[in-house]
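Q: what shape does this take:
(2 chains)
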Amino acid sequence: MLERYLTAASTYAHSIDHLFILIAAIVGFWLIAAETIMFTLVFKFRAKNGRPTQYITGEEKHLKRWITIPHAMVLVCDVVIIIGAISVWYNIKQNMPVADETVRVIGQQWAWSFQQAGPDGVMDTPDDIRSVGELHVKINTTYHFELMSRDVVHSFAVPAFRLKQDALPGRTITGWFRPNRLGTYDIQCTQMCGLGHALMAGRIVVETPQDHAAWLMRNSNPAAAGLQALPASPPDGTLTLAEARR
Amino acid sequence: MSTQVEHAEPSFFHKYMWSTDHKMIAKQYLFTGMVMAMIGGFLAYVFRMQQGFPNQYVPGFGLVTPGKYNAVVTMHGTIMIFWVAMPVLIAAFGNFLIPLMIGCDDMAFPRINRLSYQIFLLSAIVLLLSFLVKGGAFGGAWTAYPPLSSTGAYNLTPAGAVLWLLAVALEFVAFLLGGINFTVTVMNSRAPGMKMYDIPILVWMIVLASVLFMVSVGPLIAGAVLLLFDQTMSTGFYDPTRGGDPLLWQHLFWFFGHPEVYVVLLPAMGIVAEVVAVFARKKVFGYKTVLYTTWAVGFLSMVVWAHHQFVAGIDPRMANIFSITTLMISIPITEMVFLYIATLYGGSITLDTPMLWALGFIAEFLIGGVTGIFLGSSGTDIYLHDTYFLVAHFHYTFVPIAIISVFAGITFWYPKMFGRMLNETLGKIHFWGTVIPFNVIFIPLFITGTAGDQRRIYSYAQFAEQSRPALQHLRTTSTIALLVMLAFQFVFLFNFFWSLRNGKTAGDNPWRSTTLEWTVPSPPPHGNFAVLPTVYRGPYEYGLPGRADDFAPQNVPD
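A: Residues are numbered from 1 along each chain as shown, chains lettered A, B, ... in the order given. Just a heads-up that it's a prediction; the model follows:
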């Protein structure tokens, strides 16, 4: 259902989509039932001459059933949804699979920047690849991300991955994703972060291992790394302004 | 303390600005709330125009720059919750109706009541002044997360941020005073014979909402003081580089912020209960069960706050607990709605304007309620958090609360407040002209949110996935519907002011209702009751067998 509106490009995207459908089915039933009953009652008991209103307190056993039975049914539905919600949550946010690769994601007013290991495969060495606004990852590879912020609260969101995690200053938050579809997808900031909030866009490029290796090689020269990995040209003047602040 | 006291005609200032009469204070709150609603509506018009027709000149405002967009969105949220929903639902209806419905001459503390309004007015002025200071109004969202809100270098509106916080704090003081007053009045000043279970549901709801407000607001006031220190004295309570924690604010804010939803919901549910009972000519189905569910809702609302923070960086295990409590709160709320629907059963229903609004509330609030499940369940919230799905969801709760139920209340009690009837035809035009566009505004936003539109974004130009033309069509549709909805509000304003002089004379009890406010003249004189009433029965005795009339007022002996 969600995929009609937005591509799903990570392994856990579908589990979120399925939970969405489960909830939609359950609450859709209740919504339609409640609205139908309400409008039927309004029509059926519209004022008519000579038909007096009935005196009902709501304490009558045979009428109270109409509340207590749906009450129990709502409880059962809640339990089903809770089980679904927690199992999806557990697999995405609590149970971290072993990482194949690690990337560092840094939010600041108003850009995302990324750091990943260069060809030597080790983080925090001179051949590390640092890029702004664009993150390159390999398909079918489990990534851990280390998320941090340099200033205010940001939120690292990749809608196509169904991924969202706030970035907090002073804290490193680890999460994971495993892309399973080639392509270029948006990175958003979904937490109000000031004047340039709407400019805090990025792209995540999911590519084949060969393409990724080639990209690594192109950018592995430490001197050139920072420059080449920048987005081709800033979309407008304001981003340059943000850049200049740094 | 009866009406036999002689009153000299007071001066204009004393009558309209310095009154201790609960009815005048109610009207002050009502009119201030209406003015603020117009400002809040205008702000919605501004940012919806930017969404629907990006980067074009907005008539009456000008070009919407990112800074202005943030300020307008922030102020819209702040105003609609704190300066429209709170003053109208709790303060206006509470002040006007509590003494009349429980059969006493005024509030327990009339001068505290006056002070409450004066502080409230001051808070509104401080908030509006923040538009004029250097840097403009605060634009860091109505949730004001630090460090953005605490640091001028980050939000670029240092003066606006301080004024915003001061205004909110003053507003809390006003409602603390009001809440104490409501609670004490209902506990102490009820007419003889009015037992706990003879109190009209609306009065119960306002008192419980006040209690909920008073219980939850304390931590936020403390938090606001810390934030004020961070802003003005460079302390570091929320600054991680100096041992502070930005998450602390989020907990304090939402510990208040979520009960706040129910603080405004409960009076709305109360208004709907009164109106449905009168126009269905029915006793509210399971009066006591309604109260029990209200208590359950009030209690549970105190333990759900972190569902606003699932992805905020809290311990992920906490999300499981808050998912459970959040879904549990759906049980008493649905039960309450079921009871309202059940009240219709066996009635004799007429669809006068107040009843249309009340039924509209139930129909629309159901949509708001069920879409909340998607967000309360942690798994789907990962994706939907801070998207337009969330925006559409809470507008499907807040518009029924702060707009639809308020119109139900105003159209229902207008005859009592002003002594004249509103025009029914104009009322029905206004109803349909509000409710239909309301759905056309927000159903498209559910879709754009599901497609990934994040909120509080002034332009999607940087986001390829969000720049698809289909999504822009939906945004434009939503904006046009808002223009239609706003246009129809002029019908209401015309009806409201025209009927003050030209409406049919109402009489004491135009709706043939049972509660005590309908036993006094319309509008009620100073002191309310010529002879203080005695109560003989519960509030909704319609269709009692063996009576000539189909209703039995609370103050008439058998």
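
Q: going forward, measure contacts and count neighbours with C-alpha atoms only.
A: Fine.

Q: okay, now the unreliable bits of chain A?
A: Along chain A, the parts satisfying pLDDT under 70 run over A:221-246.

Q: for chain A, what spans make up the strands?
A: Under the criterion DSSP state E, chain A contains strands at A:101-108, A:111-116, A:129-132, A:134-138, A:143-149, A:154-158, A:163-167, A:173-177, A:183-189, A:202-207.

Q: one more: chain B?
A: Counting by DSSP E, chain B contains no strands.

Q: in it, which residue is most central in space?
A: Nearest to the mean C-alpha position of chain B, counting by Cα atoms, centre = their mean, stands residue B:85 at 2.6 Å.

Q: please name the nearest non-neighbouring residue to that one.
A: Once flanking residues are discounted, residue B:85 sits nearest to residue B:402: 5.0 Å by Cα to Cα, 6 or more residues apart in numbering or on different chains.

Q: tell me which parts of the stretch 201-350 of chain B are close to chain A?
A: Contacts of the stretch 201-350 of chain B with chain A, taken as Cα under 8 Å from any Cα of the partner chain, map to B:240-241, B:246, B:281-287, B:311-313, B:316-317, B:320, B:323-324, B:327-328, B:331, B:334-335, B:338-339, B:341, B:344-350.

Q: what subset of those is buried?
A: When these are checked for burial by 16 or more other Cα atoms under 10 Å in any protein chain shown, the buried set is B:240, B:246, B:281-287, B:311-313, B:316, B:320, B:323-324, B:327-328, B:331, B:334-335, B:338-339, B:341, B:344-350.

Q: which residue sits farthest out from the middle of chain A?
A: Farthest out in chain A is residue A:50, which, by Cα atoms, centre = their mean, sits 58.9 Å from the centre.

Q: in chain A, which spans are helices?
A: Using DSSP state H, the helices of chain A run over A:13-44, A:61-89, A:209-219, A:222-228, A:237-245.

Q: right, and those helices - which one's nearest residue A:100?
A: Among those, helix A:209-219 comes nearest to residue A:100, with 12.6 Å by Cα to Cα.

Q: in the closest one, what's buried?
A: Here helix A:209-219 shows A:212, A:216, A:219 as buried, counting by 16+ other Cα under 10 Å.

Q: so how far is chain B from the first one?
A: Taken as Cα to the nearest Cα, to the nearest Å, the spacing of residue A:212 relative to chain B amounts to 22 Å.

Q: so what's that residue up against?
A: Taking Cα atoms under 8 Å, 6 or more residues apart in numbering or on different chains as the criterion, residue A:212 is in contact with A:136, A:137, A:138.

Q: let's see it at 7 Å
A: The contact partners of residue A:212, by Cα atoms under 7 Å, 6 or more residues apart in numbering or on different chains, come to A:137, A:138.

Q: same deal with the second one?
A: The contact partners of residue A:216, taken as Cα under 7 Å, 6+ apart, are A:118, A:119.

Q: change it to 10 Å
A: A:116, A:117, A:118, A:119, A:127, A:128, A:129, A:136, A:210, A:225 (Cα atoms under 10 Å, 6 or more residues apart in numbering or on different chains).

Q: for the first one, which non-adjacent residue is spatially closest?
A: Taking Cα to Cα, 6+ apart as the measure, residue A:116 lies nearest to residue A:103, with 4.8 Å between them; neighbours along the chain are not counted.

Q: thought the one you found was touching residue A:123?
A: Yes: with contact defined as Cα atoms under 10 Å, residue A:103 and residue A:123 form a contacting pair (8.5 Å).

Q: more neighbours, these two?
A: The neighbour comparison of residue A:103 against residue A:123 (other Cα atoms under 10 Å in any protein chain shown) goes to residue A:103, with 22 against 17.

Q: what bridges to the more buried one?
A: Going by DSSP bridges, residue A:103 is paired in beta bridges with residue A:116, residue A:145.

Q: how's chain A carved up into domains?
A: Under the assignment automatic domain parsing, the domains of chain A span A:2-94, A:101-245.

Q: from these, which stretch is densest packed?
A: Of all those, domain A:101-245 carries the top mean neighbour count, a mean of 20, counting by mean count of other Cα atoms under 10 Å in any protein chain shown.

Q: the lowest-mean-pLDDT helix or strand in chain B packs against which elements?
A: Least confident helix or strand, chain B: helix B:12-16 with a mean of 75, by mean pLDDT, DSSP states H and E. Where contact means 3 or more Cα pairs under 10 Å, 6 or more residues apart in numbering or on different chains; DSSP states H and E, helix B:12-16 is packed against helix B:22-52.

Q: contacting residues around residue A:164?
A: Residue A:164 makes contacts with A:155-158, A:175, A:187-190, B:310-312, B:381-386, as judged by Cα under 10 Å, 6+ apart.

Q: could you redo the last one with a cut-off of 8 Å?
A: Residue A:164 touches A:155, A:156, A:157, A:158, B:311, B:382, B:383, counting by Cα under 8 Å, 6+ apart.

Q: now those residues in TSV, with distance to residue A:74?
A: Below are the contacts of residue A:164 laid out as TSV (distance: Cα to Cα, whole Å):
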residue	distance to residue A:74
A:155	34
A:156	35
A:157	33
A:158	33
B:311	27
B:382	24
B:383	24
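
Q: of all these, which two lie farthest apart?
A: Spatial extent of the contacts of residue A:164 (Cα to Cα) is set by the pair A:158 and B:311 at 13.2 Å.

Q: what is the burial count for the closest residue in space to residue B:248 that isn't next to it in sequence?
A: Spatial nearest neighbour of residue B:248, chain neighbours left out: residue B:238 (7.1 Å); criterion: Cα to Cα, 6+ apart. Look at residue B:238: counted by other Cα under 10 Å, it has 24 neighbours.

Q: before we move on, what about the one 10 residues further on?
A: Under the neighbour criterion other Cα under 10 Å, residue B:248 is assigned a count of 14.

Q: with the one 3 residues further on instead?
A: Using other Cα under 10 Å, residue B:251 is surrounded by 19 other residues.

Q: my guess is it contacts residue B:306, does it?
A: Yes: Residue B:251 is within contact range of residue B:306, at 7.1 Å (criterion: Cα atoms under 8 Å).

Q: pLDDT averaged over stretch B:189-204 - what is it?
A: In this model, stretch B:189-204 carries a mean pLDDT of 95.

Q: can you list the residues that contact that stretch?
A: Applying Cα under 8 Å, 6+ apart, the contact partners of stretch B:189-204 are B:94, B:97-98, B:101-104, B:108, B:186, B:267, B:269-271, B:273-274, B:287-288, B:291, B:515, B:532-539.

Q: out of the residues you listed, which end up buried?
A: B:94, B:97-98, B:101-104, B:108, B:186, B:267, B:269-271, B:273-274, B:287, B:291, B:515, B:532-539.
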